[in-house]
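Trainee: sequence and predicted structure are below.
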Amino acid sequence: MTAESKSMSLIVTKGTLDWGYPPFILATTAAAMGLNVTMFFTFYGLSLLLKDFKPQISTLGNTAMKLPMGGMHMALPNMVSAIPGVDAAASMMMRNLIKKKGVASLEELREAAIDSDVRLIACQMTMDLFEYSIDDMIEGPEIGGAATYIECATQCDINLFI
């Protein structure tokens, strides 16, 4: 089987800054390798398709998060996460680090996915649940439900849940 005939689907369930990267990086990489890729955005992952897009990091319970500071890798204790503004500050630090290291932004990765003909499906049930309309979304996604995703997934070679 050649790469051109292979396909991959991803279920995207998280919409934070740090959790937005893995599905878009995997999707755009697979598309660049010739795979047909579908991304199904549901629950909090749906926020990655919003026009008004300002993802943040949640430091609470994220014990693996260690940002480089002063030559070390600093972790935030959970107690610090309760202080107002900590998530915003950590998000700003992460955005600065992403820019400094030349990593594409999530907005750029979304555009790359669209430009690479990645099929984006916004979950209809989630849109109804959180009271979003297609007008709230970027251009490109189609609306579908679990059956739309399952129909796609049963035909795919690779299925990922992120």
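Mentor: Okay, I see it.

Trainee: ok, the most centrally placed residue in the chain to L129 distance?
Mentor: Nearest to the geometric centre of the chain sits G20, at 2.6 Å (CA atoms, centre = their mean). Using CB to CB, to the nearest Å, G20 is found at 20 Å from L129. C-beta coordinates here come from the backbone N, C-alpha and C atoms, glycine included.

Trainee: which stretches in the chain count as strands?
Mentor: 7-12, 36-41, 66-69, 72-75, 119-123, 142-144, 158-161 (DSSP state E).

Trainee: how is this structure divided into domains?
Mentor: Domain segmentation of the chain under automatic domain parsing yields 6-55+105-161, 66-100.

Trainee: just these: most buried one?
Mentor: domain 6-55+105-161 (a mean of 17; mean count of other CB atoms under 10 Å).

Trainee: now A88. Nearest residue, chain neighbours left out?
Mentor: Distances taken as CB to CB, 6 or more residues apart in numbering place Q56 nearest to A88, at 6.5 Å, with adjacent residues excluded.

Trainee: tell me how many other residues surround that neighbour.
Mentor: Q56 has 17 neighbours, counted by other CB atoms under 10 Å.

Trainee: about what we covered before: now mean pLDDT too, for the domains of the chain, in a markdown table please.
Mentor: Below are the domains of the chain laid out as a markdown table (pLDDT from 0 to 100):
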| stretch | mean pLDDT |
| --- | --- |
| domain 6-55+105-161 | 96 |
| domain 66-100 | 79 |
